[in-house]
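> can you look at this prediction? I've put the sequence above it.
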Amino acid sequence: MARLANADQVVTEINKVRQVRQYKPDAVPDDIITQLLEIARWTGSSRNTQPWHFIAITDKDQLSKISQLRTPINWVAGAPLAIAIVLNGESLSSEAYDEGRVTERLMIGARILGLGGGIAFFGDDEQQAEAKRILNIPQERMARSVVALGYPKTIKDPRPNPVQGGRHPLEEIVSYDRMG
């Protein structure tokens with residue numbers, strides 16, 4: 001496989017993916033929504049089961065209802081778009097793995113397309129059930145989160161106690177051939 005001509009630029013952009021919680025009010029164009037959904041659709045999955053259905057949410061009332069599931073995700077109301085990840089609910093462990101893969105793909109795709117994204121976890125079983133009711137998702141399916149998307153106002157964490165950013169140096173987290 002040939003190296004992309006702009007591989008260094010792509011790597012730089014992937015390394016800039018951050019959780020975004022504040023968005024400009026500008027709508028995400030339909031062609032970009034379609035691109036994001038294609039990125040999600042082409043994500044690899046355990047045994048190629050593709051155990052997902054995506055709900056693209058642009059209705060402000062729906063976004064507001066989701067944001068009210070629990071206080072830590074109240075910022076979802078300010079996003080112009082969210083994509084709910086609905087899983088088949090047939091294999092909890094492999095679908096949880098696949099959910100992580102598709103979520104990260106959406107976050108990276110958003111960055112490459114000039115957007116920011118933020119992952120909003122619905123919460124406990126009761127809150128997940130309420131999210132399913134809001135989004136008309138059958139009870140046997142699993143739905144635990146949305147990826148909120150839009151044009152970032154800032155990547156600064158607006159919460160009162162933001163977590164410090166940064167990454168551990170490679171020499172602290174990488175071994176070769178065996179641990180240690």
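The structure has been received and is ready for your questions.
> max-length helix in the protein?
helix 92-112 (DSSP state H).
> name the helices or strands packed onto it?
Contact here means 3 or more CB pairs under 8 Å, 6 or more residues apart in numbering; DSSP states H and E; on that basis helix 92-112 packs against helix 7-15, helix 30-41, strand 52-57, strand 81-87, strand 116-121, strand 142-150. All C-beta atoms are positioned from the backbone trio N, CA, C, and that covers glycine.
> dump those into a markdown table; add mean pLDDT as well.
Converted to a markdown table, the helices and strands packed on helix 92-112 look like this (pLDDT from 0 to 100):
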| stretch | mean pLDDT |
| --- | --- |
| helix 7-15 | 93 |
| helix 30-41 | 98 |
| strand 52-57 | 98 |
| strand 81-87 | 98 |
| strand 116-121 | 98 |
| strand 142-150 | 98 |
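> now mean neighbour count too, for the ones you listed, in CSV please.
Output for the helices and strands packed on helix 92-112, formatted as CSV (neighbours: other CB atoms under 10 Å):
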stretch, mean neighbour count
helix 7-15, 11
helix 30-41, 15
strand 52-57, 18
strand 81-87, 23
strand 116-121, 22
strand 142-150, 25
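> of all those, which one comes closest to I173?
Nearest to I173, of all the helices and strands packed on helix 92-112, is helix 7-15, at 14.9 Å by CB to CB.
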